[in-house]
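K.L.:
Okay, here's the prediction I keep looking at, along with the sequence it came from:
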Amino acid sequence: MANQDWGDRYQHTRVFVDEDTGVQFLGISDPISFIDDRENIMHVITAGDTLEALSDRYYDGFKDPQDLYWVIAQFQPRPIMDPTQQLPSGTVLVLPSPALLNNIVSSPPVFEDNI
């Protein structure tokens, strides 16, 4: 999985095009849901931890691992709505294992045509 190219967090977001102007708009993507897996990584927050630093630490070997902070935020049983917020010491986060992360992020997007 080393140097895996994840694209970006918007790869699962539908793009809408204004027919009159041709301007493109991003829709709302479905969040990544928590998956209870025995390989998940439990991390207890200590002072100074950030989601960016945790993704860099636990997903070292992936291309730009710090950019996967949003996966950690959305993956929680109670998703973190603001990934820039200071996390209280003692908070337990559940991180997807690298193998599960690979399955989650590299899966093709599925869109419902209900608009």
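P.N.:
Right, received. Where do you want to start? Numbering: from 1, shown residues only.

K.L.:
and Gly90, how many neighbours?
P.N.:
8 (other Cβ atoms under 10 Å). All C-beta atoms are positioned from the backbone trio N, CA, C, and that covers glycine.

K.L.:
tell me the SS of it?
P.N.:
Assigned state for Gly90: coil (three-state reduction, DSSP: H, G, I helix; E, B strand; the rest coil).

K.L.:
Is it correct that it is in contact with Val44?
P.N.:
Yes - with contact taken as Cβ atoms under 8 Å, Gly90 and Val44 are classed as touching, separated by 6.5 Å.

K.L.:
Tell me which residue of this structure is furthest from the middle?
P.N.:
Asp20 (33.3 Å; Cα atoms, centre = their mean).

K.L.:
Distance of that residue relative to Ser97?
P.N.:
Plainly put, Asp20 is 46 Å away from Ser97 if you go by Cβ to Cβ, to the nearest Å.

K.L.:
Likewise for Leu51?
P.N.:
Leu51 is 17 Å from Ser97, by Cβ to Cβ.

K.L.:
Toward the C-terminus from the lowest-mean-pLDDT helix or strand in the chain, list the very next helix or strand.
P.N.:
Least confident helix or strand of the chain, by mean pLDDT, DSSP states H and E, is strand 24-26 with a mean of 72. Using DSSP states H and E, the helix or strand that follows strand 24-26 towards the C-terminus is strand 41-44.

K.L.:
partner strands of that next one, parallel or antiparallel?
P.N.:
strand 92-95 (antiparallel) (DSSP bridges).

K.L.:
Mind giving me the packing neighbours of the following helix or strand past the strand it pairs with?
P.N.:
Next helix or strand after strand 92-95 toward the C-terminus (DSSP H and E): helix 98-106. Here helix 98-106 is seen to pack against helix 69-75 when contacts are counted using 3 or more Cβ pairs under 8 Å, 6 or more residues apart in numbering; DSSP states H and E.

K.L.:
average pLDDT across the helix it packs on?
P.N.:
Helix 69-75 carries an average pLDDT of 92.

K.L.:
For that helix, list the C-alpha coordinates in CSV.
P.N.:
Extracted C-alpha coordinates of helix 69-75, given in CSV (Å, rounded to 0.1, in the frame of the first residue of the first chain):
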residue,chain,number,x,y,z
TYR,A,69,-7.5,13.4,8.4
TRP,A,70,-11.1,13.7,7.1
VAL,A,71,-11.4,9.9,7.0
ILE,A,72,-10.6,9.7,10.7
ALA,A,73,-13.1,12.5,11.4
GLN,A,74,-15.9,10.8,9.5
PHE,A,75,-15.1,7.2,10.6
